[in-house]
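>>> Sequence plus predicted model, see below.
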Amino acid sequence: MDYNQVWGTALSRIELELSRVNFNTWFKNTQIVNYKDGCVVIGVPNDFVKEWLQQKHEKFILRILREVFEGVRSVDFHTVKLETLQKKRERAEIQNNNPNQVLPLQDLYINKDDGLNQKYTFNNFVVGRFNDLAFAASQAVIKNLGLVYNPLFVYGNTGLGKTHLIQAIGNTVKQNHPHKKIIYTSLEKFYLEYVSSINSQKVNNFKEKYRKIDVLIMDDIQFVNGKEKTQDELFYLFNDLYDDNKQIIFSSDKHPNFIVGLEDRLRSRFNHGMLVDVNIPDYESRVAILKTKIKNQQRVEVGVIEYVAENISGNIRELEGVINTIQAQVELFNQYVTLEDIKKLLKNNIKIKKFISIQDVVKIIANYYNIPENYIYNKIRRKEVVKPRQIIMYILREFFDISYPIIGEKLGGRDHTTVIHSYEKIKRELGLNPYLSKEIDEIRGILK
Ligand code: ADP
Ligand code: MG
């Protein structure tokens with residue numbers, strides 16, 4: 001069965017039966033990831049959504065799925081990292097070479113011509129100490145397109161608002177100058193488009209399309225490694241646009257000097273532009289973000305916002321996870337949200353706050369299991385060592401969002417497939433073994 005199509009049809013029916021907020025909150029970025037023996041597995045972006053769908057919408061989803069596809073007996077939910085979904089899709093796109101297939105829901109909000117998503121504006125963008133430089137530079141760019149800060153290069157860790165910011169620039173320019181041609185894309189998309197234009201012998205169309213634009217916005221430029229020809233293409237494009245005083249905007253999760261595999265000539269172009277970073281929001285900014293995003297605050301007990309701001313101090317995406325839950329209680333179920341509710345909710349979901357190195361994590365966990373630290377890095381395969389090693393891999397992935405290859409590399413040069421295997425193994429076991437989840441909880445407590 002074509003999962004995308006089945007889910008697309010199901011979603012269009014689900015959408016009819018729910019309010020917009022409800023639908024957007026819980027069904028965005030969902031996808032069918034597996035189907036076997038009548039059981040449909042739906043991939044969701046995080047555990048909040050998973051729990052919510054399981055508890056509140058399981059029967060409803062099952063009913064709709066049965067209407068769409070006979071033979072469905074049960075439905076299950078699985079937290080899947082968004083990147084994984086995207087990669088899956090891109091792989092499918094390369095394989096099928098069929099850009100017309102059903103796209104995941106998030107793409108429904110995206111303008112096909114320019115790639116812009118209207119939901120990202122400056123109206124709903126909170127400015128604080130953590131991002132005021134990036135904001136100021138954006139405003140200058142908007143007022144003086146192509147003339148002052150070219151390129152504008154925004155960098156910072158994931159979930160801190162880079163995409164929102166550069167999309168908001170695009171949307172503002174679009175509003176101010178309806179005739180200017182804007183393109184928002186990502187390095188990954190640019191690469192796929194380039195490859196597919198080669199395959200279909202339409203490279204010239206591809207080149208022309210990008211040379212006609214007034215504002216080029218390219219997200220997540222950090223994924224350049226191993227894409228030499230794409231980098232060449234980008235370099236020529238950059239020069240052409242730049243010479244024409246066209247505005248160019250990039251984002252990256254790292255400063256250009258730290259992007260692996262980036263060609264020197266591109267790096268030097270980036271360094272000649274305006275480089276601005278976005279940081280982790282400070283406490284005041286977190287409060288401001290919560291206050292902006294939570295509607296109907298009279299239904300939220302005094303102190304909830306401050307409590308969340310104190311306890312969720314990582315990135316904005318994490319804050320949004322909590323906001324969605326609060327919002328759902330208030331809007332969908334008309335319930336009052338108490339401080340107690342939130343404490344309970346956050347108890348299990350608080351991510352690790354502190355920034356510690358991978359070596360520190362290894363040290364702490366090896367210590368917890370009472371084994372010498374260096375056993376983790378070397379090839380020892382005794383049970384007493386293998387398990388803590390797998391737990392370390394799991395924790396680095398799950399709580400710190402570190403990529404599989406990096407984990408492998410840092411833990412004594414192991415292959416990323418080994419890391420994936422370990423991660424999956426622990427994840428599976430966690431569902432079965434209460435002692436293991438207790439251990440991991442304890443470790444999490446120590447790491448916090
Ligand atoms: P990045 O691209 O850096 O990974 P995003 O731009 O995707 O981060 O931001 C993550 C989420 O946080 C998005 O839903 C975005 O709308 C929201 N967000 C980011 N920065 C802000 C901000 N300054 N004010 C309000 N919401 C923000
Ligand atoms: Mg982004």
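Looks like it arrived, so ask away. Ligands and ions are numbered 1, 2, ... in the order given.
>>> For G38, which non-adjacent residue is spatially closest?
Distances taken as Cβ to Cβ, 6 or more residues apart in numbering place R73 nearest to G38, at 3.4 Å, with adjacent residues excluded. Just so you know, the C-beta spots here come from the backbone N, C-alpha and C atoms, and that holds for glycine as well.
>>> Kindly report the same for F122.
A168 is the one closest to F122 (Cβ to Cβ, 6+ apart), at 4.9 Å.
>>> about what we covered before: mind checking how far the residue nearest to G38 is from G431?
From R73 across to G431, the span is 20 Å (Cβ to Cβ, to the nearest Å).
>>> repeat for W52
18 Å.
>>> So for these two, which residue has more residues nearby?
Neighbour count, other Cβ atoms under 10 Å: between W52 and G431, W52 has more, with 19 against 9.
>>> Okay, and the more buried one sits in which element?
helix 47-52 (DSSP states H and E).
>>> Next SSE downstream of that helix?
Assigned by DSSP H and E, the successor of helix 47-52 is helix 58-68.
>>> Look up the closest residue to the closest residue to ligand 2 within the stretch 51-200 of the chain, ignoring the ones flanking it.
Residue of the stretch 51-200 of the chain nearest ligand 2, by Cβ to the ion: T163 (3.2 Å). Nearest non-adjacent residue to T163, counting by Cβ to Cβ, 6+ apart: D219, 5.7 Å away.
>>> hang on, the one you found packs against G170?
No. At 10.3 Å, D219 and G170 do not qualify as touching, with contact defined as Cβ atoms under 8 Å.
>>> Show me whatever sits in contact with both of the two.
Taking Cβ atoms under 8 Å, 6 or more residues apart in numbering as the contact rule, D219 and G170 both touch Y184.
>>> average pLDDT for whichever strand or helix holds S196?
Assessed by DSSP H and E, S196 sits inside helix 187-199. Averaged over helix 187-199, pLDDT sits at 93.
>>> neighbours of the residue nearest to T163, just the number please.
Using other Cβ under 10 Å, D219 has 23 other residues around it.
>>> Starting from S186, give me the distance back to it.
From D219 over to S186 (counting by Cβ to Cβ), the distance is 4 Å.
>>> mean confidence for stretch 298-306?
91.
>>> Next: stretch 67-76.
83.
>>> So what touches that stretch?
With contact meaning Cβ under 8 Å, 6+ apart, stretch 67-76 is reached by 1, 6, 9-10, 13, 37-42, 58, 61-62, 65-66.
>>> mind redoing it with 7 Å?
1, 6, 9-10, 13, 38-42, 58, 61-62, 65-66 (Cβ atoms under 7 Å, 6 or more residues apart in numbering).
>>> Enumerate the residues of the stretch 101-250 of the chain near ligand 2.
Selection of the stretch 101-250 of the chain residues close to ligand 2 by Cβ under 5 Å from the ion yields K162, T163.
>>> Work out for me the element I376 sits within.
helix 373-377.
>>> Report the rounded mean pLDDT for whatever helix or strand comes next after that helix.
As assigned by DSSP H and E, the chain's next helix or strand after helix 373-377 is helix 383-398. On average, the pLDDT along helix 383-398 is 92.
>>> Which positions in the stretch 151-300 of the chain make contact with ligand 1?
By Cβ under 6 Å from any ligand atom, the residues of the stretch 151-300 of the chain that approach ligand 1 are T158, G159, L160, G161, K162, T163, H164, I289.
>>> Model confidence at the closest residue to the first one other than its chain neighbours, what's the number?
So that's T158. Nearest residue to T158, sequence neighbours excluded (Cβ to Cβ, 6+ apart): D253, at 5.8 Å. Reported pLDDT at D253 in the predicted model: 91.
>>> Show the contacting residues for I110.
N117.
>>> let me fix that: N34
Here N34 is in contact with V41 (Cβ under 7 Å, 6+ apart).
>>> State the phi and psi torsions of it.
Torsion angles at N34 (phi, psi; degrees, to the nearest 10) stand at phi -160, psi 150.
>>> buried stuff in the helix holding I376?
By 16 or more other Cβ atoms under 10 Å, the buried positions in helix 373-377 come out as Y375, I376, Y377.
>>> and if you look at stretch 252-264?
Residues of stretch 252-264 classed as buried: S252, D253, P256, I259, L262, E263 (neighbour count, 16+ other Cβ under 10 Å).
>>> can the residues you listed go into CSV with extra columns for distance to N311 and secondary structure?
Below are those laid out as CSV (distance: Cβ to Cβ, whole Å; DSSP: H, G, I helix; E, B strand; the rest coil):
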residue, distance to N311, secondary structure
S252, 29, strand
D253, 24, coil
P256, 34, helix
I259, 33, coil
L262, 37, coil
E263, 42, coil
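>>> May I ask which two of those residues are separated the most?
Using Cβ to Cβ, the two most remote members of these are D253 and E263, lying 18.0 Å apart.
>>> give me the number of residues near the residue in the stretch 151-300 of the chain that ligand 1 sits nearest to?
When scored by Cβ to the nearest ligand atom, the stretch 151-300 of the chain has G161 as its residue closest to ligand 1, at 2.4 Å. The local packing of G161 (other Cβ under 10 Å) involves 26 other residues.
>>> With Q329 instead?
For Q329, the neighbour count with other Cβ under 10 Å is 19.
>>> Any buried residues in whichever strand or helix holds it, and which?
Here Q329 sits within helix 316-331, counting by DSSP H and E. Neighbour-count burial for helix 316-331 flags 316, 318-331 (criterion: 16+ other Cβ under 10 Å).
>>> hang on, the earlier thing: if you count neighbours, what's buried in the helix holding W52?
Buried, per 16+ other Cβ under 10 Å, within helix 47-52: F48, V49, K50, E51, W52.
>>> How far does that helix sit from its chain's centre?
Relative to its chain's centre, helix 47-52 lies at 16 Å (Cα atoms, centre = their mean, to the nearest Å).
>>> What's the first helix or strand after the lowest-mean-pLDDT helix or strand in the chain?
Counting by mean pLDDT, DSSP states H and E, the chain has its least confident helix or strand at helix 82-96, which shows a mean of 50. Scanning forward in sequence from helix 82-96 by DSSP H and E, the next helix or strand is helix 132-143.
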